[in-house]
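Student: Fold the following.
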Amino acid sequence: MSHHQAVPEFNGLRILLVEDDLLIAMDMEDALRDLGCEIVGPYGRLSDAIDAAREEAVDGAIIDLNLRGELSFPLIEALRTRSVPCLLCSGYADLPEMRNQLSGIPKLAKPCNHEALIAAMRAVFVPEAVRG
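Tutor: Just a heads-up that it's a prediction; the model follows:
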């Protein structure tokens with residue numbers, strides 16, 4: 001596993017990680033920790049992720065759209081009601097039937113590369129004032 005340098009503006013960010021593929025979840029967890037984030041999860045089941053979204057203090061969420069055949073829309077809605085920014089990491093996000101439902105939610109293709117992850121996280125989770 002390659003280790004990446006911490007990114008100061010990510011230091012201490014609590015990120016809800018929702019991914020049902022164990023290897024991808026572990027890889028993403030390592031990458032986020034290396035960047036300085038605290039991980040809430042990872043969760044591979046929609047119901048567990050929704051419970052966490054309602055109960056845990058989180059600064060942002062990285063969400064797989066399809067969790068064992070269940071779509072993550074109820075989770076995204078639960079996070080929106082708490083004004084938690086979401087980043088979708090999915091192979092399904094660009095399907096035409098998904099585009100309308102996902103408008104306004106930043107997306108990362110899966111598997112995502114490290115630079116794309118950092119750029120998306122900076123845009124979604126770091127306030128503009130901090131980004132400068």
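Student: Going by residue numbers, what spans are strands in this structure?
Tutor: 14-18, 38-43, 60-63, 66-67, 70-71, 86-89, 107-108 (DSSP state E).
Student: for the first one, packing partners?
Tutor: Packed against strand 14-18, as judged by 3 or more C-beta pairs under 8 Å, 6 or more residues apart in numbering; DSSP states H and E, are the following elements: helix 22-34, strand 38-43, helix 46-55, strand 60-63. (Glycine included, C-beta is placed from N, CA and C.)
Student: That one pairs with which strands, and in what direction?
Tutor: Strands adjacent to strand 14-18 in the sheet, as given by DSSP bridges, are strand 38-43 (parallel), strand 60-63 (parallel).
Student: repeat for the last one
Tutor: Note on strand 107-108: by DSSP bridges, its sheet partners are strand 86-89 (parallel).
Student: Only the C-alpha atoms, please, for the partner strand, written as PDB.
Tutor: In PDB, the C-alpha atoms belonging to strand 86-89 read as follows (Å, rounded to 0.1, in the frame of the first residue of the first chain):
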ATOM      1  CA  CYS A  86     -21.600  14.100  -0.200                       C
ATOM      2  CA  LEU A  87     -19.300  12.800  -2.800                       C
ATOM      3  CA  LEU A  88     -20.500   9.800  -4.900                       C
ATOM      4  CA  CYS A  89     -17.900   7.200  -5.800                       C
END
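Student: Averaged pLDDT, that strand. What do you get?
Tutor: Average pLDDT, strand 86-89: 92.
Student: what's in contact with that strand?
Tutor: Contact with strand 86-89 is made by 19, 28, 60-65, 72, 76, 79-80, 102, 105-108, 110, 112, 120-121, 124-125, as judged by C-beta atoms under 8 Å, 6 or more residues apart in numbering.
Student: What is the neighbour count of the nearest residue to I118 once chain neighbours are set aside?
Tutor: Distances taken as C-beta to C-beta, 6 or more residues apart in numbering place V7 nearest to I118, at 6.4 Å, with adjacent residues excluded. Neighbourhood size, V7 [other C-beta atoms under 10 Å]: 16.
Student: again, but for F125
Tutor: By other C-beta under 10 Å, 22 other residues sit near F125.
Student: so who does the residue nearest to it when sequence neighbours are not counted touch?
Tutor: Nearest residue to F125, sequence neighbours excluded (C-beta to C-beta, 6+ apart): G60, at 4.0 Å. By C-beta under 8 Å, 6+ apart, the contact list for G60 reads L13, R14, I15, L16, V84, P85, C86, L87, M121, V124, F125.
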